[in-house]
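1. Need coordinates for the following:
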Amino acid sequence: MRVFVDTHGTERIYVAKPGPLGIIIIILVTGILSAVLLVLLSAVFLIAMPVVVLLVAAVIIAALVRAYFWPAS
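-> You can find the predicted model right below:
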């Protein structure tokens with residue numbers, strides 16, 4: 001990549017087309033980043049799921065206990 005700045009303040013940017021090796025590297029990096037993101041998202045899901053189940057169970061148990069100790073008049 002080359003950047004030229006003229007005396008008038010305009011810029012010209014020349015970008016070379018990626019070759020076969022560059023395309024392969026870009027595909028590999030994209031695949032690795034996608035795999036890491038998938039692992040992180042699945043880990044968050046696997047950690048959050050039991051927490052949600054425990055919270056729902058606690059709410060149900062609290063409602064049953066409340067109904068037992070404070071019967072309707």
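
2. Could you give the average pLDDT over the helix or strand where residue 51 lies?
-> Secondary structure from DSSP states H and E places residue 51 in helix 20-69. Helix 20-69 shows a mean pLDDT of 93.

3. What does the pLDDT read for residue 9?
-> So residue 9 comes in at 62 (pLDDT).

4. now swap in residue 16 and tell me
-> Note for residue 16: predicted pLDDT of 85.

5. Any idea how far the helix holding residue 51 is from the middle of the chain?
-> Relative to its chain's centre, helix 20-69 lies at 10 Å (Cα atoms, centre = their mean, to the nearest Å).

6. And that helix, what does it pack against?
-> With contacts taken as 3 or more Cβ pairs under 8 Å, 6 or more residues apart in numbering; DSSP states H and E, helix 20-69 sits against no other helix or strand. Backbone N, C-alpha and C define where each C-beta goes, glycine included.

7. May I have the phi/psi pair for residue 13?
-> phi -120, psi 120 (degrees, to the nearest 10).

8. Report how many residues lie close to it.
-> 8 (other Cβ atoms under 10 Å).

9. any idea how far residue 42 lies from residue 21?
-> According to Cβ to Cβ, to the nearest Å, residue 42 and residue 21 sit 32 Å apart.

10. Repeat that for residue 55.
-> 51 Å.

11. Kindly report the same for residue 29.
-> 13 Å.

12. for residue 47, same thing?
-> Distance, residue 47 to residue 21, using Cβ to Cβ: 39 Å.

13. do you know how far residue 13 is from residue 39?
-> From residue 13 to residue 39 the distance is 37 Å (Cβ to Cβ).

14. Provide the contact partners of stretch 24-42 at residue level.
-> Stretch 24-42 has contacts (Cβ atoms under 8 Å, 6 or more residues apart in numbering) with residue 18.
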